[in-house]
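Asker: Model the following, please.
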Amino acid sequence: MTTIRICRSCNNSFAPDEEYMSGFLGVMLWDDDMPPSRVSRVLDSNWAIQDDLDDRLVVTDEGCVAIEPDEDRLRKVIAKNAVGHLHCVTGVSPISQPEKISICPLQALPEEAREVLFGPGPEWTVSQEGTYRFQVIEHGAIFIRSVIHEYLGTEAVWSRRP
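Answerer: Okay, the predicted model is just below:
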């Protein structure tokens, strides 16, 4: 097992964005029939995040209620995680941020794309079953994919080895 040392002062700067992401996921994964999850409890303890997410609710043309999260905050967390995964798997600590970051609810992807990009397989590193898994793919470019709560798919890309 690899031990990853994290600079506490560096990591603390991401805490508000990570809390925001947890709140967002708490809203998206809310289930009245289940006890509140750890991500849902963020909403009970942080009114600023709750208010921000409430303000981002929209009604689509189809009459559905949707949320438009602060993608910059989500992208910061995804980039931080991707850098950590790249270092953990390859030993490389990139000096640049990923050139591209994609975020998508898995259910919004066509089934074939979902299976090819985020389907289960041996190449995934499972941090916590059903909660978080990631993979590092080096194929010309470097792709770091993650699946969060089997709901949100992410991808960070460096076009060349950082």
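Asker: Rounded mean pLDDT for stretch 45-58, please.
Answerer: Per-residue pLDDT over stretch 45-58 has a mean of 90.
Asker: Tell me which residues of it come out buried.
Answerer: N46, I49, Q50, D52, L53 (16 or more other Cβ atoms under 10 Å). In this view, the C-beta of every residue, glycine as well, is placed from N, C-alpha and C.
Asker: how about the strands in the protein?
Answerer: 57-59, 65-67, 100-105, 125-128, 132-139, 141-148, 152-158 (DSSP state E).
Asker: Take the buried residues of stretch 45-58 and lay them out in JSON lines including distance to L106.
Answerer: Shown next, in JSON lines, are these (distance: Cβ to Cβ, whole Å):
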{"residue": "N46", "distance to L106": "26"}
{"residue": "I49", "distance to L106": "23"}
{"residue": "Q50", "distance to L106": "25"}
{"residue": "D52", "distance to L106": "24"}
{"residue": "L53", "distance to L106": "20"}
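Asker: Pop out the phi and psi values for P98.
Answerer: Dihedral pair for P98: phi -60, psi 150, per degrees, to the nearest 10.
Asker: Give the buried residues for whichever helix in the chain runs longest.
Answerer: Ranked by number of residues, the top helix in the chain under DSSP state H is helix 71-90. Judged by neighbour count using 16+ other Cβ under 10 Å, the buried positions of helix 71-90 are 73-86, 89.
Asker: pLDDT (mean, whole number) over that helix?
Answerer: 94.
Asker: Would you mind extracting the C-alpha trace of it into PDB?
Answerer: Output of helix 71-90 as PDB, limited to C-alpha atoms (Å, rounded to 0.1, in the frame of the first residue of the first chain):
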ATOM      1  CA  GLU A  71     -18.300  24.400 -11.800                       C
ATOM      2  CA  ASP A  72     -15.100  26.300 -11.000                       C
ATOM      3  CA  ARG A  73     -15.300  25.000  -7.400                       C
ATOM      4  CA  LEU A  74     -15.900  21.500  -8.600                       C
ATOM      5  CA  ARG A  75     -13.100  21.700 -11.200                       C
ATOM      6  CA  LYS A  76     -10.600  22.800  -8.400                       C
ATOM      7  CA  VAL A  77     -11.400  19.600  -6.400                       C
ATOM      8  CA  ILE A  78     -11.200  17.400  -9.500                       C
ATOM      9  CA  ALA A  79      -7.800  18.900 -10.500                       C
ATOM     10  CA  LYS A  80      -6.400  18.500  -7.000                       C
ATOM     11  CA  ASN A  81      -7.500  14.900  -6.900                       C
ATOM     12  CA  ALA A  82      -6.100  14.200 -10.400                       C
ATOM     13  CA  VAL A  83      -2.700  15.600  -9.400                       C
ATOM     14  CA  GLY A  84      -2.700  13.400  -6.400                       C
ATOM     15  CA  HIS A  85      -3.700  10.300  -8.300                       C
ATOM     16  CA  LEU A  86      -1.100  10.900 -11.000                       C
ATOM     17  CA  HIS A  87       1.600  11.200  -8.400                       C
ATOM     18  CA  CYS A  88       0.400   8.200  -6.500                       C
ATOM     19  CA  VAL A  89       0.300   5.900  -9.600                       C
ATOM     20  CA  THR A  90       3.300   7.300 -11.600                       C
END
